[in-house]
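*Asks:* For reference, the sequence and a predicted model appear below.
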Amino acid sequence: MLELVLFYIFAAMAVVSAILVITSKNVVHSAAFLGGTLFAVAGIFLTLHAEFLAGVQVIVYVGGILVLFVFVIMLISVERAEHERQYHRQWIIALITSAILIVEISYGFYKGRDSFVLPPAVIPPAVPAAGNSELVGMALYTTYLLPFEIASILLLVAVVGAVVLAKKKTPAEE
Amino acid sequence: MVTTFHYLMLSAALFTIGVIGVLTRRNIMVILMSIELMMNAVNINLIAFGDRLQQVTGQVFAIFVITVAAAEAAVGLGIVIAMFKNKETMNINEIDLMKW
């Protein structure tokens, strides 16, 4: 019962802040509401017994990506954008397409909802042999070692790319 | 009882909100934020199925998605800054250098 209440609280928080993210006129408000969504999703992770991921979500998303967003908003002027039209002319078509998308996904999930319930025998008895972080770390550094290394290369490339894109041109290059 | 179905519906809702944001807004920052919303929806899906199957694989892949999201945000915001230096705008309708 507590599980259900917590789920609905976090889900409502996530969805409401997400809607406010895409409807706010001011970009700074959007960023703040994005933080609300990210925290709510971290709560959802906690209800799914993914404690490590909840911590990573708060540290990397809220502490890293969101701060990066706020920094960029600080660097560029937001006053002008506030007085402009906020939505495309194509917003009606976009809304209709998205409505079709959500109906399609929901219908598919609803039809297949029984298949999500596995027979009890298939689920191994939940013996918490180790903590969540320990299990994730074991999987990450043994089975998924190669993808892990590739992800680190990707991050390196992204860091170099971001610096190259945003740096000032030296007089010699111009 | 919270089932996987609940989490999938939440994730579908978040994903659709992200799609609406990308398709309707004209501010590039909000579009990037909507992409982050969609990535979060995907993460909820991965972790919900991982919890359902009592496996840790879903969480490992969620970590990879977060990695890609961080890389995407860094490069995307770098592009936004470079573009703002050239055109002084965040409106994607005015960024039409490669249109013909």
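*Replies:* Arrived safely. Residues are numbered from 1 along each chain as shown, chains lettered A, B, ... in the order given.

*Asks:* CA only for contacts and neighbour counts going forward, please
*Replies:* Will do.

*Asks:* hang on, residue B:74 packs against residue A:165?
*Replies:* No. Assessed by C-alpha atoms under 8 Å, residue B:74 is found out of contact with residue A:165, at 10.0 Å.

*Asks:* State the mean pLDDT of stretch A:154-171.
*Replies:* Mean pLDDT, stretch A:154-171: 86.

*Asks:* ugh, wrong one, stretch A:53-67
*Replies:* In the prediction, stretch A:53-67 has an average pLDDT of 92.

*Asks:* helices or strands up against the helix or strand where residue B:40 lies?
*Replies:* Assigned by DSSP states H and E, residue B:40 belongs to helix B:28-52. Identification of packing neighbours for helix B:28-52 by 3 or more C-alpha pairs under 8 Å, 6 or more residues apart in numbering or on different chains; DSSP states H and E yields helix A:2-23, helix A:27-47, helix B:4-24, helix B:57-87.

*Asks:* re the thing from before, so between residue B:74 and residue A:165, which is more surrounded?
*Replies:* When residue B:74 and residue A:165 are compared for neighbours, residue B:74 comes out ahead with 23 against 19, by other C-alpha atoms under 10 Å in any protein chain shown.

*Asks:* Apart from its chain neighbours, what residue comes closest to the more buried one?
*Replies:* residue A:162 (5.8 Å; C-alpha to C-alpha, 6 or more residues apart in numbering or on different chains).

*Asks:* Residue A:7 contacts residue A:47, doesn't it?
*Replies:* Yes. Between residue A:7 and residue A:47 there is a contact under C-alpha under 8 Å: 7.0 Å.

*Asks:* who has more neighbours, these two?
*Replies:* residue A:7 (24 against 19).

*Asks:* I'd like to know how far the residue nearest to that one when sequence neighbours are not counted sits from residue A:93.
*Replies:* Leaving aside its chain neighbours, residue A:7 sits nearest to residue A:44 (6.6 Å; criterion: C-alpha to C-alpha, 6+ apart). Separation of residue A:44 from residue A:93 (C-alpha to C-alpha, to the nearest Å) stands at 32 Å.

*Asks:* ok, these two, which is more surrounded?
*Replies:* Comparing residue A:44 with residue A:93 by other C-alpha under 10 Å, the one with more neighbours is residue A:44, at 26 against 12.

*Asks:* residues in contact with that one?
*Replies:* A:7, A:10, A:11, B:44 (C-alpha atoms under 8 Å, 6 or more residues apart in numbering or on different chains).

*Asks:* Same list, these, but as TSV with pLDDT and distance to residue A:29 please.
*Replies:* TSV is the format used below for those (pLDDT from 0 to 100; distance: C-alpha to C-alpha, whole Å):
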residue	pLDDT	distance to residue A:29
A:7	93	25
A:10	94	20
A:11	95	20
B:44	94	24
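
*Asks:* Reformat those as JSON lines; add distance to residue A:63.
*Replies:* Listed next are the contacts of residue A:44 as JSON lines, based on distance: C-alpha to C-alpha, whole Å:
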{"residue": "A:7", "distance to residue A:63": "24"}
{"residue": "A:10", "distance to residue A:63": "20"}
{"residue": "A:11", "distance to residue A:63": "21"}
{"residue": "B:44", "distance to residue A:63": "19"}
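
*Asks:* Please type out the PyMOL selection for whichever of those residues turn out to be buried.
*Replies:* A single PyMOL command selects the buried members of the contacts of residue A:44 (16 or more other C-alpha atoms under 10 Å in any protein chain shown):
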select buried, (chain A and resi 7+10+11) or (chain B and resi 44)
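
*Asks:* Can you give me the neighbour number for residue A:68?
*Replies:* That count, for residue A:68 with other C-alpha under 10 Å as the rule, works out to 17.

*Asks:* typed the wrong thing, it's residue A:87
*Replies:* Counted with other C-alpha under 10 Å, the neighbours of residue A:87 add up to 14.
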